[in-house]
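In: Give the three-dimensional model of this entry:
(one chain, ligands or ions: 2)
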Amino acid sequence: MTNCHTFHLFLLSDKKERDMQDLMNKLFSPCPACGHPGFEVTEAIPGLPCSWCGLPTRLIMQEIYTCRQCGCSQTNRRPEETADPQYCDHCNP
Ligand SMILES: [Zn+2]
Ligand SMILES: [Zn+2]
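Out: Ligands and ions are numbered 1, 2, ... in the order given. Predicted structure coming up:
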């Protein structure tokens, strides 16, 4: 009598696998300097400005990518310009 339960678990693991694939694609993007597929985020810098008051929040503003092969690094700004006020300590403590 566990068929339904098993099927549910199967769906979950399938979704997890796809998420994992996305994550792998993101993690193993090639290094712009040497092309090694391990150019990954090594540091995340918070401080994305709040869209209401402009003060820095705890949301990630920049990510530092470092190549494990040649050690070159690059700082990428997150696509978000401002943070939702719900993450702001000032507007929504
Ligand atoms: Zn490299
Ligand atoms: Zn704010």
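In: what's the burial count for the spatially closest residue to residue 33 that is not a sequence neighbour?
Out: Once flanking residues are discounted, residue 33 sits nearest to residue 72: 4.3 Å by CB to CB, 6 or more residues apart in numbering. Every C-beta, even on glycine, is put in place using the N, C-alpha and C of the backbone. Residues lying near residue 72 (other CB atoms under 10 Å) number 14.
In: got a pLDDT number for residue 72?
Out: Looking at residue 72, its pLDDT is 95.
In: I'd like to know how many residues surround the nearest residue to residue 87 once chain neighbours are set aside.
Out: Computed as CB to CB, 6+ apart, the closest residue to residue 87 that is not its neighbour in sequence is residue 57, at 4.7 Å. Neighbour count for residue 57, taken as other CB under 10 Å: 24.
In: gap between residue 57 and ligand 1?
Out: Using CB to the ion, to the nearest Å, residue 57 is found at 32 Å from ligand 1.
In: That residue touches residue 78, doesn't it?
Out: No. Using CB atoms under 8 Å, residue 57 is not in contact with residue 78, being 11.9 Å away.
In: shared neighbours of those two, anything?
Out: Taking CB atoms under 8 Å, 6 or more residues apart in numbering as the contact rule, residue 57 and residue 78 both touch residue 48.
In: and this protein, which of its residues are near ligand 1?
Out: Applying CB under 5 Å from the ion, we find that the chain lies next to ligand 1 at 31, 33, 34, 36, 67, 69, 70.
In: for the spatially closest residue to the third one that is not a sequence neighbour, what are its contacts?
Out: Just to be clear, that refers to residue 34. In space, and not counting its chain neighbours, residue 34 is closest to residue 70: 4.4 Å by CB to CB, 6+ apart. Each residue near residue 70 by CB under 8 Å, 6+ apart is listed here: 31, 33, 34, 36.
In: nearest to residue 83, of those residues?
Out: Looking at the contacts of residue 70 and their distance to residue 83, the nearest is residue 31, at 29.5 Å (CB to CB).
In: ranges for the helices of this protein?
Out: For the chain, the helices defined by DSSP state H occupy 3-27.
In: in it, which spans are strands?
Out: Remark: strands assigned in the chain by DSSP state E are 39-46, 60-67, 73-77.
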